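Asker: Sharing a sequence plus its predicted fold:
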Amino acid sequence: MVREGRDIALVAMGSISREAVAAARKLAGHGIEAAVIVVSAFHPDPEEDLARILAPFPHVVSVEAQTVSGGLGALVSTVIAHHGLSCRLRVLGVGTASDGTSGVPLERWRKVRPGRGQHPRRRPLCRPLTALA
C-alpha cells in the first residue's frame with residue numbers, strides 16, 4: 001500500500017499507479033480518503049495479501065493501462081469472490097486493444113483520442129469514484 005485511506009481502495013499495477021495516486025490526492029480534496037494499493041506481480045498471485053488489505057473497504061476500483069480482459073480487474077474480482085468480501089468492485093481499463101504501437105503513454109492516448117492531451121483515465125477517474133463513496 002503506497003497511500004493510506006479508509007473510504008475506497010484504488011488497486012493499480014505498473015505505470016498507471018502514478019495516475020491512481022494523483023486521483024487519490026484529488027479525491028482527498030472532496031473529503032474522500034482513498035488508499036492506493038500497487039500490485040507488483042501476478043506470479044505468484046498476491047491473493048492472500050489483497051484479501052487482507054481489501055477486506056475493510058466498501059468500494060474497490062482496479063485501474064489498469066491495458067485491456068481489462070484477464071488483467072488486474074480479473075485478479076481483484078477473483079480475490080473478492082474467493083474470500084467472500086463485501087466490497088463493490090469497479091474495473092477501469094482500456095476498452096479496446098491497442099494498435100500495436102509503442103511509445104510514451106500520453107502520445108499513444110492522443111493517437112487514440114485526438115485533441116485530448118490528458119490521459120483518458122485521469123479526467124474521469126474521480127467522477128465514478130465520488131459517486132461510489
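Answerer: Received, thanks.
Asker: Quick check: buried residues in stretch 9-25?
Answerer: Buried positions in stretch 9-25, judged by neighbour count with 16 or more other Cβ atoms under 10 Å: 9-13, 16-17, 19-24. To be clear about C-beta, it is placed using only N, CA and C from the backbone, and glycine gets the same treatment.
Asker: and that stretch, how far out from the chain's middle?
Answerer: How far stretch 9-25 lies from its chain's middle: 6 Å, per Cα atoms, centre = their mean, to the nearest Å.
Asker: Let me see the ranges of the helices in the chain.
Answerer: For the chain, the helices defined by DSSP state H occupy 17-28, 47-54, 72-82, 105-112, 122-132.
Asker: Now do the third one and helix 47-54, the angle between them.
Answerer: With axes from the mean of the first three to the mean of the last three Cα atoms, to 10 degrees defining the directions, helix 72-82 sits at 80 degrees from helix 47-54.
Asker: now do the first one
Answerer: What separates the directions of helix 17-28 and helix 47-54 is an angle of 20 degrees, with the same axes, to 10 degrees.
Asker: All good on my end, thank you.
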